[in-house]
Structure formats: C-alpha cells, structure tokens
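Visitor: Dropping the sequence and predicted coords here.
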Amino acid sequence: MAAVAARDRVGLGWRPELAAGIFANLNRIDVLEVQADDYFDAPASQVRALRTLARQAPVYLHGIGMGLASTHAVQRKRVEAMARLIDAVQPCGWSEHLAFVRAGGMEIGHLAAPPRNSNTLEGLCVNVELARRVTGSTPALENIATLIDPPGSEMTEPDWIAAATRGADSDLLLDLHNVLTNATNFGGDPYSALARIPLDRVGVIHISGGRMLPSGRILDDHLHDTPDVVFDMLKWVAARGQRPLTVVLERDGDYPPIGALVAELDRARLAIAEGRCDRATL
C-alpha cells in the first residue's frame, strides 16, 4: 500500500461522470477516493484503468458493502475481493463504514446504523480483525448518517465511535456532514459531538451536502453543495487534530460544473489552513 500522507490533502470522490473535469484539474486535486465495490467484479481492463489512474494521483479505496459493524460475520469473499483490489491498485489507504447491510440472510440494500452496544462492538472487532488479516492493512471506519436512532443502543454515537475505533484499533474516517445530520436529526449539537470523538484517530475526513426534509431532519444524499457549517466544523477539527488530514468531497449526482466542485476543494483548503493557524491559540 502506498505511503500515508505527510501533509494535508484535499480531493474528490471519483465518479465516471466527472472524469473529464477531474483529469483537466488534477493539479488542484490531491487525492481521489474510489468506491471499491464497483471494481470487485469488474473486467480486468477496468482494474488496469484504475491502476493507471492511481499512478497519476493518490487513490483511496472506499468500501460500502462489507457491513463490518454487525454481530454477523463479514463475508470473506468481500474481504478477499478488497484484498485483490488493494494488491492491484496499491492505494494510499482504504475504509469501510460503522454500519451493517445484511442480517438473517437478507440484504438491506443500504447502510444501516447498528445497535450501539457491546454485542455489536464485539462483532465489529472480529470482522475488522479478519479484514486486517486478509488484506494486510486495517480499514478506517466511517461514522454514518441515519434517520432512525438505532434501537437496542447502550451508547451515544460519540461514545460508540470512540469505543469502536479503540476496540478495533482502527483509524476513523470522520464524515462531518454525518455528524451534523445526526446532531440535527436527534436534537444534539455537532460541536459537542466532535469534542467527544477521538481526533487522534482521524486521518481522513468526508465533506458533502444534503437536504432538509419537511420533518426538519436532514437527508444525507450527497446531491447538494457542502453547507457553510461543515467548513466551519472542518476548521474546528483542523485546529485540534494533530495528524495530517486527507479531506474528500463526496458528490453522488446532480453534478455542478467541475469548477464549482474545485471551488469547494479550495474552501476546504482554506478551512484547514485557518484551523492550523488557530491551533496555537487554543
């Protein structure tokens, strides 16, 4: 696997619809995040193309289908597919979600927040250890957004994130819009949540946008611009975190011109720089 970043980087999620704009702006994109599951069963030609892309810009692999945060064992075939892709592409890192996607032989079809309790924590640690053994590296674990506070929980989300990353001995992929979404949806404060999250484990950050539902809750759909408050949260984290940050802008549809996305990357760079400057005063 490629070397870990020694400096702050800002990049974009790779989407085929954005390919032309990405290649035209590689000098302003430090890293590309690729959805790994799209390549598990892809033809060899597509994997070769991804390997070629990784030679032009650092590539970070992002998994969406393992369902590590579960009392059910992760499917070994998925972990082995990730291992093969890591070997082929040599990414700078990889990640999965603090979520489950299947139970009782049924595929849910989307990321679901698990019960935040000791049983799920134990299952997560077992699943991450398998992933570590098979791939030779440990995935960063991403906090997810949810419209439903998972029943059967014994921990708050920040405590769950801390226990999960500590128990699995993994880094945290901190999704700032997901922190904002859950705080809004369940009557919390995003900064209070951030203050209880282990920033020493944060090396990668997601930023994105969603939309407000009539119920007053946020739907994290990745179809909208990153809101101002998420850039403010990024500045807050940069002021308090000690590690180099890799920040990835996620956009999954309703794509604006590439110039608008690159402008968001520049805003992220500015937020990081301002946060680093504020660090000395804290």
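Guide: Here it is on my side, so go on.
Visitor: which regions of the stretch 1-150 of the chain sit below the pLDDT cut-off?
Guide: 2-5 (pLDDT under 70).
Visitor: what about 80?
Guide: Applying pLDDT under 80 to the stretch 1-150 of the chain flags the ranges 1-6, 103-110.
Visitor: What ranges does it have for its strands?
Guide: Assigned strands in the stretch 1-150 of the chain, in chain order: 9-13, 32-35, 59-62, 93-97, 100-103, 106-112, 140-142 (criterion: DSSP state E, counting those that start in this stretch).
Visitor: and Glu33, how many neighbours?
Guide: Per other Cβ atoms under 10 Å, the neighbour tally for Glu33 reads 27. Quick note: C-beta positions are derived from backbone N, CA and C, even for glycine.
Visitor: Mean confidence (pLDDT) on the helix or strand harbouring Leu173, please.
Guide: Secondary-structure element containing Leu173, defined by DSSP states H and E: strand 172-175. Mean pLDDT, computed over strand 172-175, is 98.
Visitor: chain center to that strand: distance?
Guide: Offset of strand 172-175 from its chain centre (Cα atoms, centre = their mean, to the nearest Å): 5 Å.
Visitor: Next: stretch 253-268.
Guide: Centroid separation between stretch 253-268 and its chain, computed with Cα atoms, centre = their mean, is 18 Å.
Visitor: mind putting the strands of the stretch 1-150 of the chain in TSV, distance to Leu26 included?
Guide: Listed next are the strands of the stretch 1-150 of the chain as TSV, based on distance: least, Cβ to Cβ, whole Å:
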stretch	distance to Leu26
strand 9-13	10
strand 32-35	9
strand 59-62	12
strand 93-97	19
strand 100-103	33
strand 106-112	30
strand 140-142	24
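Visitor: wait, which of the ones you listed is closest to Val262?
Guide: Each of these was scored for nearness to Val262 using Cβ to Cβ, and the closest is strand 9-13 (8.2 Å).
Visitor: Alpha carbons only: can I get the closest one in PDB?
Guide: Extracted in PDB, the C-alpha atoms of strand 9-13 (Å, rounded to 0.1, in the frame of the first residue of the first chain):
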ATOM      1  CA  ARG A   9      -4.500  16.900   1.200                       C
ATOM      2  CA  VAL A  10      -7.900  17.700  -0.300                       C
ATOM      3  CA  GLY A  11      -9.500  15.700  -3.000                       C
ATOM      4  CA  LEU A  12     -12.700  14.400  -4.700                       C
ATOM      5  CA  GLY A  13     -14.700  11.200  -5.000                       C
END
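Visitor: which residues touch it?
Guide: When contacts are defined by Cβ atoms under 8 Å, 6 or more residues apart in numbering, strand 9-13 is touched by residues 18, 22, 29-35, 57-58, 60, 62, 244-252, 261, 265, 268-269, 272.
Visitor: Just the ones of those residues in helices?
Guide: Counting by DSSP state H, the contacts of strand 9-13 place Ile22, Leu261, Leu265, Ala268, Arg269, Ile272 in helices.
Visitor: Could you count how many residues lie near the nearest residue to Ser118 once chain neighbours are set aside?
Guide: The spatially closest residue to Ser118, leaving aside those adjacent along the chain, is Glu154, at 6.9 Å (Cβ to Cβ, 6 or more residues apart in numbering). Counted with other Cβ under 10 Å, the neighbours of Glu154 add up to 13.
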